[in-house]
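K.L.:
could you look at this predicted model? Sequence included:
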Amino acid sequence: MENWLGFLSCAEIIVAVAVMIMIAKERNLIQFERWLKMKYGNKKTVVDGIKFDSKLEANRYRELKLLEKAGVIKSLELQPKFRLIPTFRKNGKTYRGITYIADFAYYDENERYIVEDAKGYKTKEYQIKRKLFEYTFPDYTLTEVTE
């Protein structure tokens with residue numbers, strides 16, 4: 001094969017392009033990981049063998065366990081699911097239901113059902129699901145823990 005621009009063979013060009021593609025992919029991955037850390041700032045944390053999505057959520061779990069042990073709250077649940085919109089069919093098409101998964105739920109000393117979410121950042125999806133939750137479950141109290 002002829003030299004490309006007089007100094008590289010086709011094989012060398014192919015290798016050079018492949019290396020450039022690998023470097024670009026690696027840089028994009030690193031940039032994406034940095035972006036995620038900057039956006040949410042979460043660090044996975046394990047407490048009592050349970051993996052939490054953030055230190056905030058893990059710390060809140062510790063607090064709730066102490067409150068439960070002291071009898072202030074009862075029936076602590078982790079990752080409770082709430083059906084906001086059921087699966088349905090329309091014009092031959094099936095639409096998947098929408099579920100909200102909170103971080104915690106429990107009964108307080110007044111027998112109110114409290115649902116908690118540890119939030120460092122409120123995504124658009126969360127904001128919409130919160131409104132649907134408030135509409136669908138008017139008797140439940142949804143609380144956001146930010147510290």
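P.N.:
Looks like it came in fine. As the structure is a prediction and not an experimental result, all values here were calculated from the model.

K.L.:
I14: which element?
P.N.:
In this structure, I14 sits in helix 10-40 according to DSSP states H and E.

K.L.:
can you list the strands that the very next helix or strand once past that helix pairs with?
P.N.:
Downstream of helix 10-40, the next assigned helix or strand under DSSP H and E is strand 45-47. Take DSSP bridges as the rule and strand 45-47 pairs in its sheet with strand 50-52 (antiparallel).

K.L.:
any buried residues in the partner strand, and which?
P.N.:
Across strand 50-52, burial judged by 16 or more other Cβ atoms under 10 Å covers F52. C-beta: built from backbone N, CA, C; applies to glycine.

K.L.:
go through stretch 140-147 and flag the buried ones.
P.N.:
Across stretch 140-147, burial judged by 16+ other Cβ under 10 Å covers 142, 145.

K.L.:
do you know the pLDDT at the residue nearest to the spatial centre of the chain?
P.N.:
Nearest residue to the geometric centre of the chain (Cα atoms, centre = their mean): D53, 7.0 Å. pLDDT recorded at D53 is 81.

K.L.:
and what of E125?
P.N.:
89.

K.L.:
gap between it and T87?
P.N.:
Between E125 and T87 the computed distance is 18 Å (Cβ to Cβ, to the nearest Å).

K.L.:
leaving out the residues flanking it, which one is nearest to F52?
P.N.:
Distances taken as Cβ to Cβ, 6 or more residues apart in numbering put A58 closest to F52, at 4.0 Å, once the chain neighbours are dropped.

K.L.:
ok, now F82?
P.N.:
Leaving out its chain neighbours, the residue that sits closest to F82 by Cβ to Cβ, 6+ apart is Y100, at 4.7 Å.
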